[in-house]
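> here is a sequence with its predicted model. Questions after.
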Amino acid sequence: MLETSQRRIVIGDVHGHYEGLMKLMEAIAPGSEDQVYFLGDLIDRGPKSSDVIDFVKDNNYWCLLGNHEQMLLKVVTDNKLSTPAMQAWLYTGGQATLASYKDASIPQEHLEWLKTLPLYLDLGDFWLTHAGVDPRIPLAEQTAKQFCWIRDEFHSIEKPYFSDKTIIIGHTITFTFPGVPPGMLVQGQGWLDIDTGAYHIRSGWLTGLDITNNLIYQVNVFTNAIRSLPLAEGVVMVKPPKRAARGDKQRA
């Protein structure tokens, strides 16, 4: 397959898996003309969140605010270790993030960078955000509550939110959709989910998607397996679901 020279690469939730990200970037081999976008949730659960932030920040790659970055920033704003926000963050992977820093001290440079992360990016034909949008609310009225956290209300939309662009998201692990095997992407009405659950023992797949050439690149952070395939071979179409029962309950 002949690839276009200037590519746009979108990378799903890394969750602190730095070595896996390095293998994925080696497989993708982005050039100076390529544009690389991260969908957020760089941190938590995996062992090297600090290294992941350094890599994305130092390479000036685009990155969106995920719910895990938002939780961390909320903790910093509260500035109290006993707050419910702190407990929620630690419970959903924050302990691993703290452990990735010397003396469990997050440098101000990292915090200031996280504060600059946008909630969404409009690429024209594609629209990137971490979790999705609320189809009942005008875009201008939506906040981080929707862009970083929404799930079922967005996944169950019956027609695309945008008529002229596809929304690409992370946040919800794809195998939590009924009938979707680990590692597969999920496509709904006007949206595409590429969070294949890098941190989850059932999956381990970290995904990068070349939206210019419709190619999927994946690395398994547990087995070191590497694969690439056309988007058409790696995506499952889902209908607006009845989401009451899931095989695996999705965590934050």
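Arrived safely.
> Pro135 - how many residues pack around it?
Here the neighbour count serves as a burial measure; for Pro135 (other C-beta atoms under 10 Å) it reads 17. Yep, even glycine has a C-beta here, placed from its N, CA and C like the rest.
> and for the one 3 residues further on?
Neighbour count of Pro138, defined by other C-beta under 10 Å: 8.
> can you check Lys48 too?
As a burial measure, the neighbour count of Lys48 was computed by other C-beta under 10 Å and equals 22.
> give me the nearest residue to it, chain neighbours excluded.
Tyr18 (3.7 Å; C-beta to C-beta, 6 or more residues apart in numbering).
> what of Leu123?
Once chain neighbours are set aside, the closest to Leu123 by C-beta to C-beta, 6+ apart is Arg8, at 6.8 Å.
> the one you found - how many residues pack around it?
Other residues close to Arg8 by other C-beta under 10 Å number 20.
> beta-bridge partners for it, please?
With DSSP bridges as the criterion, Arg8 is bridged to Gln35.
> show me what the helix or strand bottoming out on mean pLDDT in the chain is packed against.
When the helices and strands of the chain are scored by mean pLDDT, DSSP states H and E, helix 84-89 comes last with a mean of 85. Counting contacts by 3 or more C-beta pairs under 8 Å, 6 or more residues apart in numbering; DSSP states H and E, helix 84-89 packs against helix 67-78.
> ok, now how distant is Ile11 from Gly46?
14 Å (C-beta to C-beta, to the nearest Å).
> Trp62: neighbour count?
The local packing count at Trp62 equals 18, with neighbours defined by other C-beta under 10 Å.
> circling back: residues in contact with the residue nearest to Leu123?
By C-beta atoms under 8 Å, 6 or more residues apart in numbering, Arg8 lies in contact with 34-35, 37, 123, 126, 210-212.
> give me that answer again for 6 Å
Remark: with contacts taken as C-beta atoms under 6 Å, 6 or more residues apart in numbering, Arg8 is in contact with 35, 211-212.
> rewinding a little: what's the average pLDDT for the helix or strand just after the least confident helix or strand of the chain?
Using DSSP states H and E, the helix or strand that follows helix 84-89 in sequence is helix 95-99. Model confidence over helix 95-99, given as mean pLDDT, is 96.
> neighbouring contacts of helix 95-99?
Residues from elsewhere that reach helix 95-99, judged by C-beta under 6 Å, 6+ apart: 16, 43-45, 49, 104.
> hang on, the earlier thing: pull out the buried residues from the least confident helix or strand of the chain.
Within helix 84-89, the residues that qualify as buried by neighbour count (16 or more other C-beta atoms under 10 Å) are 85-86, 89.
> burial measure for the closest residue to Lys57 other than its chain neighbours, as a count.
In this structure, Lys57 finds its nearest non-sequential neighbour in Trp113, 5.1 Å apart by C-beta to C-beta, 6+ apart. If you count neighbours by other C-beta under 10 Å, Trp113 ends up with 17.
> wasn't Trp113 part of a helix?
Yes: secondary structure of Trp113 (DSSP: H, G, I helix; E, B strand; the rest coil): part of a helix.
> roughly how far does Pro181 sit from Thr207?
Relative to Thr207, Pro181 is positioned 13 Å away (criterion: C-beta to C-beta).
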